[in-house]
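Student: sequence and predicted model, in that order:
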Amino acid sequence: MNTSHFFAYLSRLKLINRWPLMRNVRTENVSEHSLQVAFVAHALATIKNKKFNGKVDTQRIALLAMYHDVSEVLTGDMPTPTKYYNPQITFEYKKIEKMAQHKLIAMLPDELQDEFKCYIDEEYYSDEEKYIIKQADVLCAYLKTLEEMSAGNNEFRLAQQRLEKTLKARSSPEMDYFIQVFLPSFHLSLDEITTD
């Protein structure tokens with residue numbers, strides 16, 4: 001039986017910092033971001049099913065969200081303004097992400113590759129799954145801007161404004177519900193959320 005480096009690589013996601021070109025009051029890494037996206041994506045899928053007659057596999061959504069950025073262990077986290085600077089850069093970066101995904105899948109033993117590629121490689125996601133995970137990803141980025149702004153870090157002001165526009169453009173009943181029910185608490189202190 002051959003040794004696989006797959007999970008050793010994934011354990012290094014905690015070493016990849018997000019928002020690399022911006023001053024951060026608290027540094028966020030890809031590992032913790034992925035967990036938060038999994039929480040939020042699972043919530044969005046659950047809300048969609050329970051409140052808006054959706055038929056989404058909530059557990060699959062959570063797993064897809066957990067794995068949605070694993071290629072960054074090989075590519076790093078490219079800042080959004082760079083990644084989307086022009087269509088050619090975006091196109092080339094997507095090719096690099098795809099190569100990184102395939103490299104990670106190839107690290108797995110042959111008998112496990114099919115089980116994991118459907119979580120790692122976005123081509124196996126349905127359009128609905130992609131949309132929910134992207135909504136959760138944007139929501140979590142927005143929550144990061146709230147955290148930084150509430151700590152007095154104005155470095156995140158323009159990012160917050162940009163993400164507010166993105167949230168409006170990606171609006172859905174389940175996202176609106178999440179924003180109305182859960183988002184206000186992110187503006188509060190620990191003392192405020194622990195008093196009933």
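Tutor: Thanks, I have the structure now. Residues are numbered from 1 along each chain as shown.
Student: could you use CA atoms for every contact and neighbour count after this?
Tutor: OK.
Student: low-confidence ranges in the protein?
Tutor: Within the chain, the ranges that satisfy pLDDT under 70 run 79-82, 84-85, 196.
Student: same thing but at 90, please
Tutor: Applying pLDDT under 90 to the chain flags the ranges 1-2, 20-22, 75-96, 150, 186-196.
Student: what segments of it are helices?
Tutor: For the chain, applying DSSP state H gives helices covering 6-10, 30-51, 58-67, 72-75, 80-83, 87-107, 110-120, 127-150, 157-169, 173-181, 190-194.
Student: and the third one, what other elements does it pack with?
Tutor: In terms of contacts (3 or more Cα pairs under 8 Å, 6 or more residues apart in numbering; DSSP states H and E), helix 58-67 is packed against helix 30-51, helix 110-120, helix 127-150.
Student: now do that helix against helix 30-51, angle only.
Tutor: Counting by axes from the mean of the first three to the mean of the last three Cα atoms, to 10 degrees, helix 58-67 points 160 degrees away from the direction of helix 30-51.
Student: how about helix 58-67 as CSV, C-alpha atoms only?
Tutor: Presented in CSV, the C-alpha positions along helix 58-67 are these (Å, rounded to 0.1, in the frame of the first residue of the first chain):
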residue,chain,number,x,y,z
THR,A,58,-27.9,19.5,2.6
GLN,A,59,-25.1,17.1,3.6
ARG,A,60,-23.6,17.1,0.1
ILE,A,61,-23.7,21.0,0.1
ALA,A,62,-21.8,21.0,3.4
LEU,A,63,-19.2,18.6,2.1
LEU,A,64,-18.8,20.6,-1.2
ALA,A,65,-18.4,23.8,0.8
MET,A,66,-15.7,22.1,3.0
TYR,A,67,-13.7,21.2,-0.1
